[in-house]
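# sharing a sequence plus its predicted fold:
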Amino acid sequence: MMRKLLGALFGKTGGIGYHLAALVYSGKLWAPFRIAVSAELGRRFTAEFGPDLSRVHLILVGPSGGYCLEQKLLERFGRITAVDIDPVARLFFRGHFIQQDFFTALERAGWNLDRWVKESILSGTGEKPPVRAFLFSNLLGQLEYVLTESRFREVELGLAKALNRPTARWISFHDVLSSPVDASVPEWRRPTRADPKEVAAHFFAGKSTEAEARVEVESHAIGKWAEGASGEVVYFPWRLSSARTQVIEVLGRLGAEISSPE
């Protein structure tokens, strides 16, 4: 458990270490992934809401410093609320930031995203429920590193309940594989999710046997909530550092019914 907590605080995929890594790598090394994933997200949101996203309230869960997203994408939305337990994230989302343990708050709301919006965003404002969508920003593949095993299972089942509700509109991008070698191809589009071994073979084909043996499969951290996704699934490589490549999975559930929060 201590190793997981230290990894969450100082590892390059989260916490203090993530911010430090971003200072070094986010400019050039992360740019190809940031551009690719932002273009994919923009395509999906445009297909759902049309080219004018100014009427959409984007709820960005776990964005940290927003290093994975192009500013041009975020500027297309009429309103953004960033939700992160990391107080440092407030520096990047002033005026539109909620410092919160999102999963604990969502649990209090009965694992209901509509009710969470009513309690965490609309409470006392008198505002009408906005047209909204949730974007989980490189978060859900990291939960195993910050939660105990029992809590991870609770959150996994709770998220499955939340993300399968008829009114839930959401997209997640999250890591599923990690390798010390660079990827062979830029992306992979599929009608459904791929088996982790298939993903590894696709992105690291032609690499040395030794390198392939060191591919770390992280699919165990994804959880049952992903079963609520619909439509195309896309995989992108992200060269995190000179010694590590993540493979990121993009999936979601748009085209949901619209109704008022309970």
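Received the coordinates, thanks.
# break down the stretch 51-200 of the chain into its strands, ranges please.
Secondary structure of the stretch 51-200 of the chain (DSSP state E, counting those that start in this stretch): strands located at 56-61, 79-84, 97-99, 131-137, 170-179, 188-190.
# tell me the strands beside the last one, with direction?
Within its sheet, and counting by DSSP bridges, strand 188-190 is paired with strand 233-241 (antiparallel).
# need the pLDDT of Gly15.
Looking at Gly15, its pLDDT reads 56.
# do the same with Leu140
pLDDT for Leu140: 92.
# for Gly223, see how far away it is.
Counting by C-beta to C-beta, to the nearest Å, the separation of Leu140 from Gly223 is 7 Å. To be clear about C-beta, it is placed using only N, CA and C from the backbone, and glycine gets the same treatment.
# and the two? Which one has more around it.
Leu140 (24 against 21; other C-beta atoms under 10 Å).
# contacting residues for the closest residue to Asp182 other than its chain neighbours?
Of all residues not flanking Asp182 in the chain, Thr245 sits nearest, at 5.7 Å (C-beta to C-beta, 6 or more residues apart in numbering). By C-beta atoms under 8 Å, 6 or more residues apart in numbering, the contact set of Thr245 is 178-183, 203, 237-239.
# before we move on, back to that, quick one, which of the strands of the stretch 51-200 of the chain gets closest to Leu113.
Closest to Leu113 of the strands of the stretch 51-200 of the chain, according to C-beta to C-beta: strand 131-137, at 6.5 Å.
# for the stretch 151-262 of the chain, just list every one of the helices.
Applying DSSP state H, counting those that start in this stretch to the stretch 151-262 of the chain gives helices spanning 196-204, 209-213.
# any idea which of the ones you listed scores lowest on pLDDT?
helix 209-213 (a mean of 49).
# any shared contact partners between Leu140 and Gly223?
Leu159.
# okay, Ser184: pLDDT?
For Ser184, the model assigns a pLDDT of 87.
# what about the nearest residue to His202 once chain neighbours are set aside, how many neighbours?
Of all residues not flanking His202 in the chain, Trp188 sits nearest, at 5.3 Å (C-beta to C-beta, 6+ apart). Using other C-beta under 10 Å, Trp188 is surrounded by 18 other residues.
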